[in-house]
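Participant: kindly generate the corresponding structure for this input.
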Amino acid sequence: MEEDKAPLLGRLGLLGGSRKKARKGRAPVERSPFFAPRATKVRSVETPGGTFVKNEKVQPDGAVKSSIMGASANLINAIVGAGIVGIPYAIRECGLVTGVGLVLFCALLTEKSLRLLIETARHVNVPSYEMLLEASFGTIGFYFISINMFIMAYGAMLTYLMIVKQTLPVLLGVAVDNYPMNNAILTVSSLLVQLPLSCQRDMAQLAKTSRISVVLDCFIVMIIAIFSPFQNAVEEQGGINEVLSRSIVHPTTVFVGLGVLSFAFVCQHSAFIIAGSLEQPSKKRWSKVTSRALCICAFLASICGITGYLGFMEATEGNILNNFVGDESFHFAANVARGLLCSTMFLVYPMESFVTRHVCVVLLFQGRRAHEGEDHSILDRKDRRIALTTGLYILALVPALLLQDVGSVLAFTGAIAGSCLSYIGPGVAYLAVHGNEFLELVETSWGFKLAPSVDRGQAKFAPLRGDIEVANTGVEIESAVSDTPETGYLMMVLKTVAWYILWMPFWCSVATFGKKTLMAFSQAESIKSPHPNPLGNVLHNRLSTDMGSKAGASGSLDGIKHSTSEGNLAAAAVIHKVASGNDAKTLPKKNITVSGYGAVEGAGGNRGIAAAIAAKNKQAAKPSSWQVDVEEDPQHDPPTTYDFLIAIGFILFGVVALSA
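Facilitator: Down below sits the predicted model:
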């Protein structure tokens, strides 16, 4: 019986290699398992001596790349979605003045967090959000952010399908309570439009549909601004000054509006996929993408929110289109806007499907390419891509056919996953990656020596003063603060109280944990072969030379010195700022050609040979004018107090949005 099962599972591609159907005159060949992609393919070769099987390296087609405009359109499409029609309601809950201010503030925070995420990832040479948290917090961070990405993207997929179900049948004249017909319309329309768009391989292939979606969003905002009766409503309230004086802030409901706005700007779960699809990615080009996208989003949200709220004041509903009732012109304008909104749902659904598919590749498939989120290589096989996309589509379609309340889905996904992805994740990642610099800055600024205790095996930090003995260690540590009249006992008491009020033990614990985790991650990555990074090529000039001794790893220093002496920049790049010390050396600048694997020509050892071969092959395949720019580390300069305050501010804002 067991002998019969194995071939069956093999044919399904779930166990061992699946057997490809043999062509006439050729022997059958083996394909890689469905969930275990491999970098070789099996090919039958016919010779005078007979037919034999030969393994060849697989070189999948290069991922399709997008321009700055295309990446900006994808980012706008990921941000706007269905949240644009809820902005007037958020302003009603916050107050007009506070609401508009929070719209601009959330847009600014989102733009900063997008740049912070990508720059931090390039700093440690990782290609995805999951690996950035893995480098900072290990396996826990990897699964934490992966699960939140799936919750956010899957919730958005479900929401978009439900909006189509509630909108398209009404436009076609079907009664709202005719559930079988509504479900049939959703199933047919999504099968014809959303599923085929989602079955594409690369994010850049969605650039054209994203441009169309952005244009439709602009028309929706235009309809709301033109047909909203804000002029009459303002006059009835006594003028704009009277409206502003009574709508500065609504303290009792401001956090409700903040929760809606924080969800409306969530896009960090798709940031790495969009950034990886950018042609010739660099810090400057990614900054152009984020700044243009967020400026357009902030403009659309402000116009829609202001005109929508002023038109209906305290009667503004969660979906502003539901306020356009009564007058025939209002009804017609609302139906046109609903049709445009339904069209955008067809076009924005694939964005979220790509993210859920990416998470499934990372979690379910085996191999380094899958773990690092190299979707275009794993999904180059159509059977994998179509099967995975269709499975996720069915997983979202079934609940969409059964559920009716869109608000509950948005509240759950936005409150939990949105806050973790947009604010908490970028903040803790930055703090952990730059943990060494943070601890040094704390010691310098506070005048404390940070003494780690070993109580219950967990790192705890407390400010020490004078020559005292640390509990459970028996080691005397001399504080940086001397017993001088200028400091005094009162100053020390105030500093100690402020230390705990500002949660400094917690921030220091996060920094220390991240520092140790990044050290282990860097050492594991340094022994791997060179691999392409879709976020671009970064040259790290500063390499730590005394890391091993200060980190307590006796054998790590020799490996680091060897990597540096051999010129292995790609291997040592991620470990240049992990150690406790400041001792570092700067490599002389020279003309450098980057290979397709992120290595550098002129480097010694196996990596240098691999880099030279890759560069030679690439030059033969590309025009002579084609070159890749090497950038300096975007976070080359040591972080300042301001940088850490921004990171901590992200975390605190995320906690507030989560509780809202």
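Participant: list the buried residues for whichever strand or helix holds residue 181?
Facilitator: In the assignment (DSSP states H and E), residue 181 maps to helix 179-189. Buried residues in helix 179-189, counted by 16 or more other CB atoms under 10 Å: 182-183, 185-186, 189. Any C-beta I mention is one placed from the backbone N, CA and C, and that applies to glycine too.
Participant: can I get that helix in PDB, CA atoms only?
Facilitator: Coordinates of each C-alpha in helix 179-189 appear next as PDB, following Å, rounded to 0.1, in the frame of the first residue of the first chain:
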ATOM      1  CA  TYR A 179     -28.600  37.100  -1.900                       C
ATOM      2  CA  PRO A 180     -28.300  34.200  -4.400                       C
ATOM      3  CA  MET A 181     -28.100  36.600  -7.300                       C
ATOM      4  CA  ASN A 182     -25.700  38.900  -5.500                       C
ATOM      5  CA  ASN A 183     -23.400  36.000  -4.800                       C
ATOM      6  CA  ALA A 184     -23.600  34.800  -8.300                       C
ATOM      7  CA  ILE A 185     -22.700  38.200  -9.700                       C
ATOM      8  CA  LEU A 186     -19.700  38.400  -7.300                       C
ATOM      9  CA  THR A 187     -18.500  35.000  -8.300                       C
ATOM     10  CA  VAL A 188     -18.700  35.500 -12.000                       C
ATOM     11  CA  SER A 189     -17.200  39.000 -12.000                       C
END
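Participant: please shift the residue numbers so they start at 405 in all later answers.
Facilitator: Sounds good: first residue 405 from here, last item helix 583-593.
Participant: so which elements touch that helix?
Facilitator: helix 533-575, helix 786-806 (3 or more CB pairs under 8 Å, 6 or more residues apart in numbering; DSSP states H and E).
Participant: point out the most buried one among those helices.
Facilitator: Among these, judged by mean count of other CB atoms under 10 Å, the one packed with the most neighbours on average is helix 533-575 (a mean of 23).
Participant: return the list of helices and strands in contact with that one.
Facilitator: If contacts are counted by 3+ CB pairs under 8 Å, 6+ apart, helix 533-575 sits against helix 500-527, helix 583-593, helix 732-768, helix 786-806, helix 810-817, helix 829-837, helix 908-930.
Participant: between those, which one is nearest to residue 648?
Facilitator: Among the helices and strands packed on helix 533-575, helix 500-527 comes nearest to residue 648, with 6.3 Å by CB to CB.
Participant: name the stretch among the helices and strands packed on helix 533-575 that sits most buried.
Facilitator: Using mean count of other CB under 10 Å, the stretch among those with the greatest mean number of neighbours is helix 829-837 (a mean of 27).
Participant: mean confidence score for the helix holding residue 585?
Facilitator: For helix 583-593, the mean pLDDT works out to 94.
Participant: stretch 490-498 now?
Facilitator: Average pLDDT, stretch 490-498: 91.
Participant: could you do stretch 794-806 as well?
Facilitator: 94.
Participant: ok, now stretch 622-630?
Facilitator: Mean pLDDT, stretch 622-630: 94.
Participant: please enumerate residues in contact with that stretch?
Facilitator: With contacts defined as CB atoms under 8 Å, 6 or more residues apart in numbering, stretch 622-630 is touched by 488-489, 492, 704, 707-708, 711-712, 724-725, 737, 740-741, 744-745, 748.
Participant: no further questions, thank you.
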